[in-house]
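# Sharing a model that was predicted from the sequence below.
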Amino acid sequence: MKVLELRVRESGDAAGARLATVLGAYADVERARTSRRLVWCAIPVLSILLIAVQASDGLLALASVERVLGLGAGVAAAAAREEWRAAKRLRALIRHPSDIS
């Protein structure tokens, strides 16, 4: 996507540059959405595995479970925030549907 954006900007066409910017923002939104979905699916599985390993070793304590769950929630919130910011940037670029056509 960055190559397309660079080539269009080199051509000097303002409409093409805007289109490349919007397409780049859309690609960022899709990348952030895919990352968030992956993270949100992986965190519960990894948390359960980590807690199971701690329980099997006899190291299970309430504080360690709270830390694992808190860390997972923080990572999930950060992924959601990045997706929200990318979508907000795309919405700012596309103020009206007529801007694209």
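Received the coordinates, thanks.
# and Arg36, how many neighbours?
By the criterion of other CB atoms under 10 Å, Arg36 has 19 neighbours. Backbone N, C-alpha and C define where each C-beta goes, glycine included.
# Also Ala20?
Neighbour number of Ala20 under other CB under 10 Å is 21.
# Can you name the next helix or strand after the helix or strand harbouring it?
Secondary structure assigned from DSSP states H and E places Ala20 in helix 14-56. Downstream of helix 14-56, the first helix or strand assigned by DSSP H and E is helix 62-93.
# remind me which residues of this protein are low pLDDT?
Within the chain, the ranges that satisfy pLDDT under 70 run 1-12, 96-101.
# Mind doing that once more with 90?
1-22, 50-68, 93-101 (pLDDT under 90).
# what's the residue closest to the geometric middle of it?
For the chain, Ala32 is the residue whose C-alpha lies nearest the centre (CA atoms, centre = their mean; 2.5 Å).
# Ala25 contacts Ala86, correct?
Yes - contact criterion CB atoms under 8 Å: Ala25 and Ala86 qualify, at 7.2 Å.
# overlap in contacts of those two?
Here Ala25 and Ala86 share no contacting residue, scored by CB atoms under 8 Å, 6 or more residues apart in numbering.
# coming back round to it: hmm, the residue nearest to the centre of the chain is touching Leu90, no?
No - Ala32 is not in contact with Leu90 according to CB under 8 Å; the separation is 10.1 Å.
# what's the overlap in contacts for these two?
Counting by CB under 8 Å, 6+ apart, nothing touches both Ala32 and Leu90.
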